[in-house]
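Peer 1: turn this into a model:
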Amino acid sequence: MQLRIDALDAHLTAPLAPLYVITSDEHLLAQEALDKIRKSARAQGFSEREVLTVERNFKWGQLLAATQSQSLFGDKKLIELRIPTGKPGKEGGAALQAYAKTASSDSVTLISLPKLDWATQKAAWVGALQNAAVFIDIAQVERAHLPNWIGVRLAAQQQSADRPGLDFIAERVEGNLLAAHQEILKLSLLHPPGKLSFEQVQSAVLNVARYDIFKLNEAMLAGDRPRLVRMLEGLKGEGEALPLVLWAVAEEIRTLLKLKAGVDAGRPLGALLKEYRIWGPREKLMAPALRRLSLARLETALQEAAQIDKIIKGLRSREHAGDAWDALLQLSMTIA
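Peer 2: Okay, here's the model as predicted:
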């Protein structure tokens with residue numbers, strides 16, 4: 001049974017199912033969902049709790065043993081199985097398929113996973129869990145939707161802000177929901193319920209952005225030049241390794257080059273995206289990026305990336321070297 005995250009509260013008013021699966025890369029939202037199920041389990045008499053984490057030497061027999069072992073006082077049990085990598089392996093996959101068939105109402109099992117990639121979603125063990133469990137796949141809150149998400153969270157604590165204030169918070173947290181959550185809670189402590197002015201938001205919210213190299217590529221693909229400049233400056237200020245940032249940008253250019261060549265040769269973009277395993281926010285951004293970029297421009301951009309690599313390695317003469325960060329900014333801006 002697939003369950004939307006916004007339907008979880010209503011679902012938890014009924015007796016719990018024997019098996020739940022939560023998969024997400026949004027750690028805040030996943031943690032909140034897990035906490036709600038734990039709270040409901042305690043309220044429904046599942047007073048014993050056992051936590052299993054799948055690590056290198058994990059024995060899958062522990063999962064079956066957890067369901068078979070009874071409390072001395074006969075308490076019902078909540079079993080949490082955490083698979084941090086999202087890759088249980090062959091033995092684990094078989095164990096999960098078998099477990100999905102034998103879930104008992106004497107216990108509640110809560111399995112947590114990161115967001116599953118396209119190939120893993122097709123695995124037999126995932127299909128078995130989707131059929132047997134209440135399966136909650138929590139999507140990433142995309143950057144464009146973050147101001148609205150912040151507005152909903154403010155409303156939950158009886159506060160509101162105009163769009164400039166919401167945009168200001170979104171820019172400062174740069175997609176980090178945990179940071180956004182902390183800033184929203186801070187506003188509830190600093191100000192009473194009601195509408196917040198932009199000045200109140202600005203004075204309270206810190207610049208808590210932790211810039212992600214791969215979010216930089218999203219800004220570049222989307223043509224969001226102010227965000228792109230802000231993120232590059234942030235990465236530089238945080239001391240991120242320039243070769244790593246250049247690698248991420250160059251890899252995106254290579255991907256665009258492959259897609260553009262394929263489209264120009266008459267192949268459907270959808271098939272190319274599937275072939276190169278591009279999904280999520282990047283998938284939506286590829287088509288407009290390809291429309292504004294020519295094959296020649298992308299080929300030149302890749303050559304420029306090679307020249308920046310030489311600057312970083314000190315292989316160009318000083319008078320022709322320039323600043324590698326500035327050169328990377330110019331390259332990124334041409335793609336944006």
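Peer 1: per-residue pLDDT of the closest residue to D212 other than its chain neighbours, please?
Peer 2: Nearest in space to D212, with sequence neighbours left out and distances taken as CB to CB, 6 or more residues apart in numbering, is G175 at 7.0 Å. Placement of C-beta: from N, CA and C, glycine included. On the pLDDT scale, G175 is placed at 75.
Peer 1: so G175, which state does it fall into?
Peer 2: Recorded secondary structure, G175: coil (DSSP: H, G, I helix; E, B strand; the rest coil).
Peer 1: which ones are touching it?
Peer 2: By CB atoms under 8 Å, 6 or more residues apart in numbering, the contact set of G175 is V141, R143, L146, D212, K215.
Peer 1: can you tell me the SS state at the third one?
Peer 2: With three-state DSSP as the basis, the three-state label of L146 is helix.
Peer 1: from I169, how far out is it?
Peer 2: Distance of L146 to I169, given as CB to CB, to the nearest Å: 8 Å.
Peer 1: out of these two, which sits in the busier spot?
Peer 2: Ranked by neighbour count (other CB atoms under 10 Å), L146 and I169 place I169 first, with 25 against 21.
Peer 1: now that one: which helix or strand?
Peer 2: Under the criterion of DSSP states H and E, I169 resides in helix 163-173.
Peer 1: buried sites along the helix or strand following that helix?
Peer 2: Note on helix 163-173: by DSSP H and E, the next helix or strand toward the C-terminus is helix 177-190. Using 16 or more other CB atoms under 10 Å as the test for burial, helix 177-190 gives L177, A179, A180, H181, E183, I184, L187.
Peer 1: what does stretch 44-54 give?
Peer 2: In stretch 44-54, counting by 16+ other CB under 10 Å, buried: F46, E48, E50, L52, V54.
Peer 1: let me know the closest of the residues you listed to A327.
Peer 2: Set against A327, the nearest of those by CB to CB is V54 (43.9 Å).
Peer 1: the closest residue to that closest one other than its chain neighbours and T67: what is the separation?
Peer 2: For V54, ignoring the flanking residues on the chain, the nearest one in space by CB to CB, 6+ apart is I83 at 4.6 Å. I83 sits 17 Å away from T67 when distances are taken as CB to CB.
Peer 1: please enumerate residues in contact with stretch 107-118?
Peer 2: Contact partners of stretch 107-118, identified using CB under 8 Å, 6+ apart, comprise 16-25, 30, 34, 37-38, 41, 46, 66-67, 76-86, 96, 99, 103, 126, 129, 133, 137, 140, 277, 279.
Peer 1: let me see the mean pLDDT of that stretch.
Peer 2: 92.
Peer 1: and if you look at stretch 181-198?
Peer 2: Mean pLDDT, stretch 181-198: 92.
Peer 1: more crowded one of I83 and T67?
Peer 2: Comparing I83 with T67 by other CB under 10 Å, the one with more neighbours is I83, at 21 against 18.
Peer 1: dihedrals phi and psi, that one?
Peer 2: phi -120, psi 80 (degrees, to the nearest 10).
Peer 1: now swap in L196 and tell me
Peer 2: According to degrees, to the nearest 10, L196 has phi -90, psi 140.
Peer 1: and the nearest residue to it once chain neighbours are set aside, how many neighbours?
Peer 2: Using CB to CB, 6+ apart and skipping the chain neighbours, the partner closest in space to L196 is A161 (4.5 Å). Here the number of neighbours of A161 (other CB under 10 Å) works out to 22.
Peer 1: tell me who's in contact with A161.
Peer 2: I150, G151, L154, I169, K195, L196, F198, V201.
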